[in-house]
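[1] Need the 3D shape of this:
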Amino acid sequence: MSDAPDKDSKTEDPSQKKLEDAHKKGDVAKSQEVTTLFMLVGTAIIFSSMAPWVAAEVSASLRLVLMNADQFDVDGSGFAGFVTGLGMSLIGVILAPLGVLYLCGLLANLVQHRPLLSTEPITPKLSKISPLAGAKRLFSIDALINFGKGLIKISVVGLVVFLVCWPERDRLETMMTADPVMILLDVQEMAVKIITAVLLVVTLIAAADYFYVRQKWWKRQMMTVQETRDEYKQMEGDPHVKGRIRQLRQEKARKRMMQAVPDSTVVITNPTHYAVALKYEKNMPAPICVAKGVDAVALRIRLVAKDADVPIIENPPLARALFASVDVDQMIPAGHYKAVAEIIGFVMRLKKSSSWRA
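    All right, here's what the predicted structure looks like:
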């Protein structure tokens with residue numbers, strides 16, 4: 001059985017990472033009909049605004065050649081110079097329309113997707129030159145759909161051109177005997193009419209095709225539940241690894257907490273299940289919890305406090321209350337000031353008494 005996920009199992013919308021990866025590979029929603037539409041717009045611009053200028057420039061260049069034909073040296077190397085000079089005089093006229101078409105082609109891609117630079121589509125692959133893979137692409141459902149779309153587009157555009165040209169059939173017959181300048185003007189006028197009508201039809205075709213291509217691309221990017229989970233693990237990290245990192249952080253915090261116990265003022269215990277180490281100095285507004293724990297951690301706190309000669313006071317209600325209401329490195333709540341002050345006062349008096357006796 002194939003390991004590729006079934007299309008029916010792709011029920012999840014693609015993640016942003018999946019879309020970004022597809023974009024990097026050059027896999028984007030792109031409709032060729034949108035490109036055709038923009039190229040037709042460029043052609044309409046050329047015919048409507050640039051055709052007179054192009055015709056005038058070409059006419060001037062050719063007129064110059066014909067009027068001075070006897071003066072040009074066309075023997076040997078002179079012929080190459082003649083062709084080069086004529087080409088240079090026409091290159092500006094040619095580049096301007098080509099520039100318009102290039103700009104329209106660029107805009108056609110930018111309106112469909114953001115700028116993209118990827119070598120993935122042109123990277124050599126065996127599947128691209130495989131006769132079997134080529135035959136599958138040639139006789140696939142996609143190829144059949146594209147063939148059908150092409151037939152429909154040609155039929156519709158051909159019908160539109162016929163409907164535009166039919167009322168002008170008498171005018172077309174008289175063009176053969178008309179003045180060349182008038183022929184150019186008539187051709188320009190009819191071309192603009194044809195292109196305008198075709199643009200209206202192609203705009204509808206391009207909109208429908210882009211919607212179809214976009215939906216098809218989106219379905220191709222959809223993910224299975226397992227793919228979503230795998231990607232989440234890849235982005236957020238494996239739960240086991242995250243658990244291990246959390247464990248290491250807790251161990252580091254516990255070690256730092258134990259290092260603060262010898263400097264504490266008093267340790268209040270449950271006596272066996274809870275232990276809270278408090279530190280108080282004269283310049284402090286309130287005592288600070290430097291360590292706390294239950295069971296094994298509480299036992300460790302008591303042992304460290306005992307080795308450091310830190311007083312250990314048993315007060316089960318206060319120990320449980322402090323454990324639940326204060327975090328490490330935080331001041332105790334105001335509600336516990338009185339009870340803690342009594343204990344710290346007792347510890348202070350105890351230390352003074354021990355010092356006097358010593």
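[2] can you give me the helices for the protein?
    For the chain, applying DSSP state H gives helices covering 16-24, 32-45, 51-67, 77-110, 126-129, 131-138, 141-165, 169-174, 180-221, 225-236, 239-260, 296-307, 316-325, 337-357.
[3] Give me whichever of the ones you listed is most buried.
    Ranked by mean neighbour count under mean count of other CB atoms under 10 Å, those are led by helix 32-45, which reaches a mean of 19. For every residue, glycine as well, the C-beta is placed using N, CA and C.
[4] relative orientation of it and helix 141-165 in degrees?
    30 degrees (axes from the mean of the first three to the mean of the last three CA atoms, to 10 degrees).
[5] Which strands and helices lie in contact with helix 32-45?
    helix 77-110, helix 180-221 (3 or more CB pairs under 8 Å, 6 or more residues apart in numbering; DSSP states H and E).
[6] okay if I get those helices as a markdown table plus distance to residue 291?
    Compiled in a markdown table, the helices and strands packed on helix 32-45 are given as follows (distance: least, CB to CB, whole Å):
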| stretch | distance to residue 291 |
| --- | --- |
| helix 77-110 | 61 |
| helix 180-221 | 52 |
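[7] how close does the spatially most central residue of the chain sit to residue 171?
    Centroid-nearest residue in the chain: residue 20, 4.2 Å away (criterion: CA atoms, centre = their mean). According to CB to CB, to the nearest Å, residue 20 stands 56 Å off from residue 171.
[8] can you check residue 291 too?
    100 Å.
[9] next one: residue 247
    88 Å.
[10] Repeat that for residue 190.
    Distance from residue 190 to residue 171, by CB to CB: 8 Å.
[11] now swap in residue 351 and tell me
    117 Å.
[12] Show the contacting residues for the closest residue to residue 203 other than its chain neighbours.
    If the residues on either side of it in the chain are set aside, residue 203 comes closest to residue 37, at 6.0 Å by CB to CB, 6 or more residues apart in numbering. Neighbour list for residue 37: 108, 199, 202, 203, 205, 206 [criterion: CB atoms under 8 Å, 6 or more residues apart in numbering].
[13] Recalculate using a threshold of 10 Å.
    Listed by CB atoms under 10 Å, 6 or more residues apart in numbering, the contact partners of residue 37 are 31, 104, 108, 111, 198-199, 202-207, 209-210.
[14] from those residues, which is closest to residue 344?
    Minimum separation from residue 344 among the contacts of residue 37 (CB to CB) is found for residue 111, which lies at 73.3 Å.
[15] Low-confidence stretches in the stretch 1-150 of the chain?
    By pLDDT under 70, the low-scoring segments of the stretch 1-150 of the chain are 1-8, 51-52, 55, 61-62, 64-87, 89, 117-139.
[16] Try it again at 80.
    Confidence mapping of the stretch 1-150 of the chain against pLDDT under 80 gives the ranges 1-10, 26, 46-94, 96, 114-143, 146.
[17] Any idea what residue 278 is bridged to?
    In this entry, residue 278 is beta-bridged to residue 266, residue 289, by DSSP bridges.
[18] Neighbours of it, how many?
    For residue 278, the neighbour count with other CB atoms under 10 Å is 27.
[19] Tell me who's in contact with it.
    264-268, 286-292, 310, 313, 322, 326, 331-332, 336, 340, 343-344, 347.
[20] Residue 291 versus that one, what's the distance?
    Per CB to CB, residue 278 is found 9 Å from residue 291.
[21] which neighbours do these two share?
    Listed as contacting both residue 278 and residue 291 by CB under 10 Å, 6+ apart are 264, 267.
[22] if we can go back for a sec, mind checking which of the helices and strands packed on helix 32-45 is nearest residue 297?
    Of all the helices and strands packed on helix 32-45, helix 180-221 comes closest under CB to CB, at 49.3 Å.
[23] Report the rounded mean pLDDT for that closest one.
    Confidence for helix 180-221, expressed as mean pLDDT, is 83.
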